[in-house]
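> coords below, sequence missing:
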Ligand code: 4NP
């Protein structure tokens, strides 16, 4: 089983979408995907209604996800930790215990190299179009990641 964690700040906008999108592209019997936030603002809550609606428009149901905070034990549980932006990267790497932990943390757009952007912009203060743009970035990145993972 390969385990992948998607991480953003709030765990209500970007990482739940990334979680749902990658999950939809990989066989569940071989890959386990989850998401977490570096912040603790929304623990226990469902994803933002705009992320739920954007995913739904593309046939993906993320309404059952529950926000949780990134935990040190995630470095042990997960093989790859994808972060959405540089600030998420800094927040997660700050908690790393050694080089092995740090090596698991990757900017999702940099790893996928599907976009000139290296960061998935935070849509929280934006509108519907910002959520759709996030979806487009993540969908392309997850396509690349999923085909790479299923080849190896
Ligand atoms: P996310 O977006 O990191 O993509 O989940 C945010 C959600 C909430 C907040 C910030 C970013 N907030 O400050 O509450």
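Nice, I can see it. Computed from a predicted structure; not experimentally measured.

> and whatever residue of the chain ends up closest to the ligand, what does it touch?
Closest residue of the chain to the ligand, Cβ to the nearest ligand atom: residue 10 (2.6 Å). Just so you know, the C-beta spots here come from the backbone N, C-alpha and C atoms, and that holds for glycine as well. When contacts are counted by Cβ atoms under 8 Å, 6 or more residues apart in numbering, residue 10 touches 37, 39, 41, 42, 48, 67, 124.

> thought the first one was touching residue 69?
Yes. Under the criterion of Cβ atoms under 8 Å, residue 37 is in contact with residue 69, at a separation of 5.9 Å.

> stretch 17-28: which residues count as buried?
By neighbour count on 16 or more other Cβ atoms under 10 Å, the buried set for stretch 17-28 is 17, 18, 19, 20, 21, 22, 23, 24, 25, 26.

> same question, stretch 140-151
Going by neighbour count (16+ other Cβ under 10 Å), the buried part of stretch 140-151 is 141, 142, 144, 145, 146, 149.
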